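# any chance you could fold what I've pasted below:
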Amino acid sequence: MQFLNMFFFDIYPYIAGAVFLIGSWLRYDYGQYTWRAASSQMLDRKGMNLASNLFHIGILGIFVGHFFGMLTPHWMYEAWLPIEVKQKMAMFAGGASGVLCLIGGVLLLKRRLFSPRVRATTTGADILILSLLVIQCALGLLTIPFSAQHMDGSEMMKLVGWAQSVVTFHGGASQHLDGVAFIFRLHLV
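Numbering: from 1, shown residues only. As a prediction, the model looks like this:
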């Protein structure tokens, strides 16, 4: 179990980051004209605007919340923003953004799977990526009840410590996750 913990939370984040950066660089250098997102909007407009807007507004809120919430050092806001208030803000704003993203993602996935014209142009990768995003969003929303059990911010600060250790290349990041609920670990992977 210790090996899996070390692999998923100390090593895997760097593997994923390297694959993302190197893969994007190679794809740009060697196949930049194949880098596209096939639009299906012309094939079936029904519900597209609502689903797309919900998904994108939600995902932007989630990105900004995670970026600033997890990577801003505690000393920068502790004088004017108590950790308990920060946790409540994260739960409400993150929950609202997560619900928007989940509803939009499910509607987009439903459209990809059940609209015959859209389905004809949909690749397996389209369905896989959208499914993974919807599952990840659902896992994030499932962490909220567990966060509510620790309103003192202790659980959140463990997760923040892990994220900051990974981003700043400090070894032993997985030690920050000792005692953290399994749902948080699942969401991180």
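# what residues are up against residue 34?
By C-beta atoms under 8 Å, 6 or more residues apart in numbering, residue 34 lies in contact with residue 27. Every residue, glycine included, has its C-beta placed from N, CA and C.
# repeat that for residue 78.
Not one residue lies near residue 78 by C-beta under 8 Å, 6+ apart.
# show me which helix runs longest in this protein.
helix 83-114 (DSSP state H).
# and the next helix or strand past that helix?
Scanning forward in sequence from helix 83-114 by DSSP states H and E, the next helix or strand is helix 116-121.
# alpha carbons of stretch 143-154, in CSV - could you do that?
C-alpha atoms of stretch 143-154 as CSV (Å, rounded to 0.1, in the frame of the first residue of the first chain):
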residue,chain,number,x,y,z
THR,A,143,-15.8,15.4,-1.8
ILE,A,144,-18.0,18.2,-0.6
PRO,A,145,-19.8,16.1,2.1
PHE,A,146,-16.4,14.9,3.4
SER,A,147,-15.1,18.5,3.5
ALA,A,148,-18.2,19.4,5.5
GLN,A,149,-17.1,17.0,8.2
HIS,A,150,-13.9,19.0,8.8
MET,A,151,-15.0,22.6,8.8
ASP,A,152,-11.9,23.7,10.6
GLY,A,153,-9.9,23.6,7.4
SER,A,154,-7.6,20.8,8.5
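# which residues touch the nearest residue to residue 6 once chain neighbours are set aside?
Spatially, and ignoring its direct neighbours in sequence, residue 6 is nearest to residue 174 (5.6 Å; C-beta to C-beta, 6 or more residues apart in numbering). Shown in contact with residue 174 (C-beta under 8 Å, 6+ apart): 5, 6, 8, 9, 10, 162.
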